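1. sequence-free structure coming up:
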């Protein structure tokens with residue numbers, strides 16, 4: 001039997017349709033299991049984390065954030081890996097007790113140990129820019 005003849009004989013065969021269906025099902029299941037940060041939804045007030053905060057450098061001023069708005073270093077905004085855009089956070093420097101309220105409008109930081117990137121204005125409210133990073137506690141506010 002030639003390859004062409006075998007191909008015609010198997011075309012539409014129930015086993016072939018079953019295999020195609022199982023492949024499709026497997027792909028759908030893998031897609032459902034993918035994990036990407038959500039940008040919608042809500043987080044309970046009081047949710048908190050502790051870690052290091054850093055700030056955006058001047059080179060990011062005017063660039064689009066993950067939420068689509070332009071980054072403005074003069075605004076009190078922040079980047080967080082998973083919290084929904086628009087979430088308001090109280091960021092407290094654990095070394096000096098100073099705090100600032102910011103709004104999440106971007107994704108990041110993507111450096112181990114850091115939990116939040118702040119606009120330079122927000123960072124200045126709690127620490128000296130010369131510090132570069134500072135230990136903080138973040139809490140979701142209403």
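-> Received, thanks. A quick note: this is a predicted structure, and the numbers were derived from the prediction, not measured.

2. how close does the closest residue to residue 127 other than its chain neighbours get to residue 62?
-> Using CB to CB, 6 or more residues apart in numbering and skipping the chain neighbours, the partner closest in space to residue 127 is residue 134 (4.2 Å). For the C-beta atoms, the positions are set from N, CA and C on the backbone; glycine is no exception. Separation of residue 134 from residue 62 (CB to CB, to the nearest Å): 25 Å.

3. show me what contacts residue 64?
-> Contact analysis of residue 64 by CB atoms under 8 Å, 6 or more residues apart in numbering lists 70, 71.

4. for it, give me phi and psi.
-> Reported as degrees, to the nearest 10, the phi and psi values for residue 64 are phi -70, psi 140.

5. that's a helix at residue 130, yeah?
-> Yes: counting by DSSP: H, G, I helix; E, B strand; the rest coil, residue 130 is found in a helix.

6. what count of nearby residues applies to it?
-> As a burial measure, residue 130 scores 5 neighbours (other CB atoms under 10 Å).

7. cool, residue 81 as well?
-> For residue 81, using other CB under 10 Å, the count is 14.

8. check what pLDDT it gets.
-> Among the per-residue scores, residue 81 shows a pLDDT of 97.

9. ok, now which ones touch the residue nearest to residue 58 when sequence neighbours are not counted?
-> Counting by CB to CB, 6+ apart, residue 58 lies nearest to residue 73, which is 6.7 Å off, once chain neighbours are set aside. Residues near residue 73 by CB under 8 Å, 6+ apart: 56, 58, 60, 61, 119, 120, 121.

10. am I right that the fifth one is in contact with residue 79?
-> No: counting by CB atoms under 8 Å, residue 119 stays clear of residue 79, with 9.1 Å between them.

11. where along this protein do the strands fall?
-> For the chain, strands defined by DSSP state E occupy the ranges 48-55, 77-79, 88-93, 99-106, 114-118, 133-141.

12. would you tell me which one of the ones you listed is buried the most?
-> Comparing these by mean neighbour count (mean count of other CB atoms under 10 Å), strand 77-79 comes out on top with a mean of 26.

13. and that one, what does it pack onto?
-> Where contact means 3 or more CB pairs under 8 Å, 6 or more residues apart in numbering; DSSP states H and E, strand 77-79 is packed against strand 99-106, strand 114-118.
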